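[1] Build the 3D model from these lines:
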Amino acid sequence: MSSKGITETRDDRSPAGGWQAPGESAPSLIRQEEPGFARGVGLLGVFLLVVGALVLILGLRGNPFWTRYMGFSVLGLVLGTICLLFHAVSEKEQQLRRLYGLLGALCLVAGVVFMVLPLRGISSAWFFYGALALMLGLLFLLSFLRNEEDVAWRTMATRFVGGSGALMSLIGILGSTAHREFLAPYGIVLILLGLCYLWSFVALQGTSDKIGYYAGIGIGVLGGLIILSAVLRACFDRGYLLPTGERLILLGIIHVLLSVALISEAPFVVLTRREVSSMFYSPMVYFVLVGFTLIAWLGFSDFIRRVVLVQNMARQMSGQPMYEPIIEDYFINWQPVVAVVFMVPVLTMRLLSEERRTATLEVLLTAPVKESTVVLSKFAAALIFFLLAWLPWGLYLVAMRVETGTAFDTRPLDSFFYALVASGAGFLAMGVFFSSLTRNQIAAAVLTGAGMLLMFGLFFAWRQASRDWGQTDTRTLLLAQVSFLNLWIDSLSGKLIPKNLLFHLSAAVFWLFLTVKVLEARKWT
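    This next block holds a predicted model:
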């Protein structure tokens with residue numbers, strides 16, 4: 001049978017006027033979109049930097065009109081630098097991105113020059129400016145390397161970053177080992193800056209690369225050398241261990257832990273890296289960092305006004321020296337306490353509730369990892385970020401030490417650090433537990449906030465109990481052990497009693513144990 005299908009009728013006649021259809025060609029090249037918004041932000045940053053620098057220069061020359069606006073000039077310089085960094089991260093045009101790379105190298109050179117100036121008898125405040133320039137140099141170099149495609153340029157800049165970090169770390173270690181007065185604050189700043197540079201070098205190379213892998217191991221070896229040098233020096237000098245040797249050992253432990261975090265493939269380490277990275281993709285985390293930094297600035301300004309100026313002037317008039325430790329009034333104030341009460345719920349509310357809401361927790365638990373590993377990794381990531389948020393509080397004290405050139409007792413900072421780790425562990429473990437109970441982040445934050453307010457209220461209950469029942473009553477002593485503010489006050493006065501840390505560490509273990517049991521119970525529901 002013949003097919004009755006419909007066939008297409010072809011018209012072989014040539015079109016009128018001799019017109020021919022154009023032939024097919026390859027797809028046209030798509031022009032890369034230029035970062036117009038980022039460039040506008042960059043121009044705004046240049047304008048703010050120029051205006052802020054002019055006002056600052058005129059104010060420093062003693063012009064009374066411009067002196068009153070010096071605070072706004074500093075704000076303009078800070079905002080201008082942030083705008084330039086935003087543009088540097090987004091800019092992909094070759095000349096502009098390499099210009100930012102050159103700016104980063106110049107900042108690094110300027111930082112080295114500024115740090116050398118105090119050794120020539122010039123004001124020690126230049127050391128702080130040098131550290132700030134070195135940090136800006138690293139940020140601009142990382143922004144440049146983010147978009148650089150030429151292998152030769154990337155290799156040169158990456159090795160420049162790694163070499164600079166190794167040099168800063170070695171100078172900080174050798175100087176702190178030879179002279180105990182060099183460690184605080186100069187040695188600590190140099191070692192931490194060198195660690196940031198070395199960390200960036202490993203991240204740029206990648207641990208899959210042989211050089212990056214061995215550099216990650218080298219960070220751990222460097223940490224071991226720091227610990228060994230501190231122990232050996234303490235064997236020959238009994239007064240070196242506290243506080244200089246102890247601080248060096250702590251810095252060495254940080255190097256070792258970072259090395260393990262970079263190169264280890266253990267499930268706990270991998271999950272912790274994943275959780276820390278996911279935190280920095282959340283805009284809420286940046287609000288916490290910026291807000292906590294602003295609160296630290298307010299607290300530091302209030303501290304300067306109340307203690308360093310008013311009380312110091314009164315004691316100079318009476319002929320008495322300023323009392324120590326001065327930092328007790330810096331941390332025991334309403335700003336840090338209220339900030340912690342609100343920060344802990346924000347940090348922990350999404351850790352497990354978001355995983356439950358998006359149904360990724362089930363996928364995670366089907367992997368060959370234990371529930372305890374999942375819980376501990378999220379807890380460790382939250383604790384790392386919690387301690388990172390406190391970094392500006394310490395940096396303000398470093399700036400005050402370098403700017404004034406006057407030493408103050410920094411040993412209570414060591415005991416306060418241990419107290420902060422213990423109390424923060426208890427807070428965050430409680431937040432992780434409440435986050436495991438519900439899919440709603442707001443509900444988890446409310447429950448954690450209620451727990452934080454209860455912990456905060458225990459201090460006032462202790463004060464009332466001490467008036468009603470006396471300081472030596474068992475109930476009063478129990479409230480003192482439970483209240484984290486009592487722990488902070490004791491540690492900032494230079495007293496660190498291990499039994500005072502026991503409740504908060506036990507609370508952290510208790511809450512984490514309950515969280516693991518909650519996740520295990522989900523297997524049977």
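[2] which ones are touching Ser506?
    Applying C-beta atoms under 8 Å, 6 or more residues apart in numbering to Ser506 gives no contacts. Every residue, glycine included, has its C-beta placed from N, CA and C.
[3] can you tell me how far it sits from Val341?
    If you measure Ser506 against Val341 using C-beta to C-beta, to the nearest Å, the figure is 21 Å.
[4] low pLDDT regions in the stretch 201-350 of the chain?
    307-324 (pLDDT under 70).
[5] And the chain, by the same measure?
    In the chain, residues with pLDDT under 70: 1-35, 63, 65-67, 119, 121, 307-324, 402-405, 523-525.
[6] buried sites along whichever strand or helix holds Ala422?
    For Ala422, the enclosing helix or strand under DSSP states H and E is helix 411-437. Applying a neighbour-count criterion of 16 or more other C-beta atoms under 10 Å, the buried positions in helix 411-437 are 411-417, 419-437.
[7] likewise stretch 471-481?
    476, 479-481.
[8] Return the subset of these lying in helices.
    Using DSSP state H, the subset of these located in helices is 476, 479-481.
[9] of these, closest to Met70?
    Ala480 (45.4 Å; C-beta to C-beta).
[10] residue contacts, that closest one?
    462, 486.
[11] distance of it from Asp490?
    On the measure of C-beta to C-beta, Ala480 and Asp490 end up 9 Å apart.
[12] Equivalent analysis for Leu138, please.
    The value you get for Leu138 to Asp490, if C-beta to C-beta is used, is 38 Å.
[13] Kindly report the same for Glu362.
    45 Å.
[14] Compare these two (neighbour count), which wins?
    The neighbour comparison of Glu362 against Asp490 (other C-beta atoms under 10 Å) goes to Asp490, with 18 against 11.
[15] re earlier: and the ones in helices among the buried residues of stretch 471-481 as a markdown table, adding distance to Leu134?
    As requested, these are exported to a markdown table (distance: C-beta to C-beta, whole Å):
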| residue | distance to Leu134 |
| --- | --- |
| Thr476 | 50 |
| Leu479 | 47 |
| Ala480 | 44 |
| Gln481 | 43 |
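[16] Looking at the residues you listed, spot the one nearest Phe460.
    Once C-beta to C-beta is applied, the member of those that ends up nearest Phe460 is Leu479, at 9.8 Å.
[17] Do I have it right that that closest one meets Ala461?
    Yes - the criterion here is C-beta atoms under 8 Å, and Leu479 meets it with Ala461 at 5.6 Å.
[18] which neighbours do those two share?
    With C-beta under 8 Å, 6+ apart, Leu479 and Ala461 have no common neighbours.
[19] Pull out the buried positions in stretch 91-105.
    91, 96-98, 100-101, 103-105.
[20] Name the SS class of the spatially most central residue of the chain, please.
    For the chain, the residue nearest the mean C-alpha position is Leu388 (3.9 Å; C-alpha atoms, centre = their mean). Judged by DSSP: H, G, I helix; E, B strand; the rest coil, the three-state class of Leu388 is helix.
[21] Same check on Glu265?
    coil.
[22] what about it, distance to Phe201?
    In terms of C-beta to C-beta, Glu265 sits 20 Å off from Phe201.
[23] between those two, who's got more neighbours?
    Per other C-beta under 10 Å, whichever of Glu265 and Phe201 has more neighbours is Phe201, with 24 against 7.
[24] Next, work out how far apart the closest residue to the more buried one other than its chain neighbours and Trp126 are.
    Excluding the flanking residues, the one nearest Phe201 by C-beta to C-beta, 6 or more residues apart in numbering is Gly162, at 3.5 Å. Separation of Gly162 from Trp126 (C-beta to C-beta) stands at 26 Å.
[25] Asn333 now?
    Taken as C-beta to C-beta, the span from Asn333 to Trp126 is 30 Å.
[26] which of the two has more neighbours?
    Set side by side, Asn333 and Trp126 show more neighbours around Trp126, with 19 against 15, by other C-beta under 10 Å.
[27] now the more buried one, nearest residue through space, not along the chain?
    Leu117 (4.2 Å).
[28] burial count for the one you found?
    Leu117, neighbours per other C-beta under 10 Å, totals 16.
[29] for it, helix, strand, or coil?
    In the three-state summary, Leu117 is assigned as helix, counting by three-state DSSP.
[30] separation between it and Ser73?
    From Leu117 to Ser73 the distance is 22 Å (C-beta to C-beta).
[31] One more: Met156?
    On the measure of C-beta to C-beta, Met156 and Ser73 end up 36 Å apart.
[32] who's more crowded, the two?
    Ser73 (21 against 13).
[33] Show me what the helix or strand containing the residue nearest to Phe201 is packed against.
    Take DSSP H and E as the rule and Gly162 turns out to sit in helix 151-178. Secondary-structure packing of helix 151-178 (3 or more C-beta pairs under 8 Å, 6 or more residues apart in numbering; DSSP states H and E): helix 94-116, helix 125-147, helix 188-205, helix 210-236, helix 246-263.
[34] Now distance to Gly42 too, for the ones you listed, in JSON lines please.
    Shown next, in JSON lines, are these (distance: least, C-beta to C-beta, whole Å):
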{"stretch": "helix 94-116", "distance to Gly42": "8"}
{"stretch": "helix 125-147", "distance to Gly42": "11"}
{"stretch": "helix 188-205", "distance to Gly42": "22"}
{"stretch": "helix 210-236", "distance to Gly42": "31"}
{"stretch": "helix 246-263", "distance to Gly42": "32"}
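[35] out of the ones you listed, nearest to Val269?
    Of all these, helix 246-263 comes closest under C-beta to C-beta, at 5.9 Å.
[36] how about the closest one: buried residues?
    In helix 246-263, counting by 16+ other C-beta under 10 Å, buried: 247-252, 254-256, 258-259, 261-263.
[37] So which elements touch it?
    helix 151-178, helix 188-205, helix 210-236, helix 267-279.
[38] Including distance to Leu44, could those helices go into TSV?
    Shown next, in TSV, are the helices and strands packed on helix 246-263 (distance: least, C-beta to C-beta, whole Å):
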stretch	distance to Leu44
helix 151-178	27
helix 188-205	27
helix 210-236	36
helix 267-279	29
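[39] Break the chain into its domains for me.
    160-264, 266-314+321-525 (automatic domain parsing).
[40] Point out the most buried one among those domains.
    Of the domains of the chain, the one with the most neighbours on average (mean count of other C-beta atoms under 10 Å) is domain 160-264, at a mean of 19.
[41] Can you give me the end-to-end span of that one?
    Taking C-alpha to C-alpha, to the nearest Å, domain 160-264 runs 25 Å from one end to the other.
[42] Likewise for stretch 470-485?
    19 Å.
[43] Tell me which residues touch Leu487, please.
    419, 422-423, 500-501, 504.
[44] Mind doing that once more with 6 Å?
    Listed by C-beta atoms under 6 Å, 6 or more residues apart in numbering, the contact set of Leu487 reads 419, 423, 500.
[45] just Met430 next, same as before
    Met430 neighbours (C-beta under 6 Å, 6+ apart): 451, 511.
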